[in-house]
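*Asks:* Provided below for reference: sequence and predicted model.
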Amino acid sequence: MFRYLITIQPLGFLYASAGGFLSPENLVGRAQTKFPPDAYTLSGLIFSANKSQKFTSQEELSENLFVAGPFWANLDEFKASQEFYVPLPSTKMIGNAEVNTWELHDNGWQQSNPDSEMIPAFKWQKLSAWNQDSQTLLQQNAVAKEPWKYLSMLHPRLKANERCVRDKDGLFLENAVQLDDNACLLYLSTVPLEAGWYRFGGENHLVEIESHELKDSHPLVSLLQQPIRRSFALLTPGVWGSNRLSHRYSQHPDFPKPRWLLTAKAVPFRFRAGGRSKADGSRDTGRLGRGRYAVKAGAVYIFDDPLNQTWWESPEAWYPKEGYSLKHIGCGLGLPLNVTGL
């Protein structure tokens, strides 16, 4: 089971301009297309750090490393109780002063207040309040907005022999992400990472990383040990299907077909796979895996029959495999969820 909470604080701006897929609107860089960085970014960093720190063999790391995220935390709350924020399940719609809920009826999903014109204002909730209803979450201030904002950055391209901008194509635009001073990104991991400064993400910006052992009394421990019955919600994007086709749930014959599914538009998912080994022992540069789509975090699944197992107990065969099972990077991490009407 996950035993560590890994916090990441940027030393300045973070960039995430590449995006999962190219499109006319992100050719100049849209940080919001891929922020916060997915768990595979941290996984790659741990593998890279192991080459110099040598805390285990690469083979053992491939078998034992599981990561999941992204999440985030308020530093004051995290220091006091290891509290952190996870995506709000799709059944809960919470505005600044009003709430609404998707309920399950005989003919499918219905809103508790179908006449409401409320626009949801929050996308994150405290993990400790996971199974609280929408009204209670709002009253207890257990929901929050993301603690980052997007800023446009104009970068110079310098001449090779002097610190002057090139006469032609000397400037390019990139969108950066600024994290609040009292916030940090957070990921789950089975392996700790030595505290220090690291290069993180595709643009190699400096971040400060710390590993915190997960307390046995933490709500996450009991939630991860609680078997999923007939309903659960995703904490991380769910990638299903082959490396050529994307699906909304696992196509493995042992995975029960969901009776009801509540989700939003699929999100792009793409990561860099490790390069192949050469005869001299070195490896080729890693290449991007085939692009696909993932079910967005917060999606809610309803089954006819109880699943009766935790995410940790689920077979790796349920998940796509690119070099190794995507379960190792937290694909489809889900927690049991109380659904009104079920």
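*Replies:* Arrived safely. Residues are numbered from 1 along each chain as shown.
*Asks:* which stretches of this protein aren't confidently modelled?
*Replies:* 16-34, 155, 172-173, 202, 243, 271-291 (pLDDT under 70).
*Asks:* residue ranges of the helices in it, please?
*Replies:* 39-53, 58-64, 75-81, 134-139, 219-225 (DSSP state H).
*Asks:* Let me have these in CSV, adding mean neighbour count and distance to Pro192 as columns.
*Replies:* All C-beta atoms are positioned from the backbone trio N, CA, C, and that covers glycine. Compiled in CSV, those are given as follows (neighbours: other C-beta atoms under 10 Å; distance: least, C-beta to C-beta, whole Å):
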stretch, mean neighbour count, distance to Pro192
helix 39-53, 18, 9
helix 58-64, 12, 12
helix 75-81, 14, 16
helix 134-139, 17, 32
helix 219-225, 16, 16
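*Asks:* For Gly108, give its distance to Leu261.
*Replies:* From Gly108 across to Leu261, the span is 10 Å (C-beta to C-beta, to the nearest Å).
*Asks:* Could you check which of those two is surrounded by more residues?
*Replies:* Higher neighbour count among Gly108 and Leu261: Leu261, with 15 against 11, using other C-beta atoms under 10 Å.
*Asks:* That one contacts Phe303, correct?
*Replies:* No - with contact defined as C-beta atoms under 8 Å, Leu261 does not reach Phe303; the gap is 10.2 Å.
*Asks:* Run through the residues that contact Phe200.
*Replies:* Shown in contact with Phe200 (C-beta atoms under 8 Å, 6 or more residues apart in numbering): 8, 10, 14, 37, 41, 45, 206-207, 209.
*Asks:* would you list these in TSV and tack on distance to Val165?
*Replies:* Formatted as TSV, the contacts of Phe200 follow (distance: C-beta to C-beta, whole Å):
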residue	distance to Val165
Ile8	32
Pro10	26
Leu14	24
Pro37	30
Thr41	31
Leu45	33
Leu206	24
Val207	28
Ile209	34
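*Asks:* Among those residues, which ones are in strands?
*Replies:* 8, 10, 14, 206-207, 209 (DSSP state E).
*Asks:* neighbour-wise, which of the residues you listed leads?
*Replies:* Ile8 (26 neighbours).
*Asks:* how far away is that one from Leu307?
*Replies:* On the measure of C-beta to C-beta, Ile8 and Leu307 end up 32 Å apart.
*Asks:* Likewise for Gln53?
*Replies:* 38 Å.
*Asks:* got a list of what the residue nearest to His105 when sequence neighbours are not counted touches?
*Replies:* Leaving aside its chain neighbours, His105 sits nearest to Gly341 (5.8 Å; criterion: C-beta to C-beta, 6 or more residues apart in numbering). Neighbouring residues of Gly341 by C-beta under 8 Å, 6+ apart: 103-105.
*Asks:* can you pull the contacts of Leu137?
*Replies:* Contacts of Leu137 by C-beta under 8 Å, 6+ apart are 92, 94, 99, 125, 129, 143.
*Asks:* Among the ones in strands among the contacts of Phe200, pick out the one closest to Tyr187, please.
*Replies:* Ile8 (7.3 Å; C-beta to C-beta).
*Asks:* Bridged to the closest residue to that closest one other than its chain neighbours, which residues?
*Replies:* Computed as C-beta to C-beta, 6+ apart, the closest residue to Ile8 that is not its neighbour in sequence is Leu185, at 4.3 Å. Here Leu185 sits in beta bridges with Ile8, Trp72, going by DSSP bridges.
*Asks:* how far away is Leu185 from Ile302?
*Replies:* Distance from Leu185 to Ile302, by C-beta to C-beta: 31 Å.
*Asks:* Reformat the ones in strands among the contacts of Phe200 as JSON lines; add distance to Phe84.
*Replies:* Supplementary listing: these in JSON lines, determined by distance: C-beta to C-beta, whole Å:
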{"residue": "Ile8", "distance to Phe84": "12"}
{"residue": "Pro10", "distance to Phe84": "17"}
{"residue": "Leu14", "distance to Phe84": "18"}
{"residue": "Leu206", "distance to Phe84": "22"}
{"residue": "Val207", "distance to Phe84": "17"}
{"residue": "Ile209", "distance to Phe84": "15"}
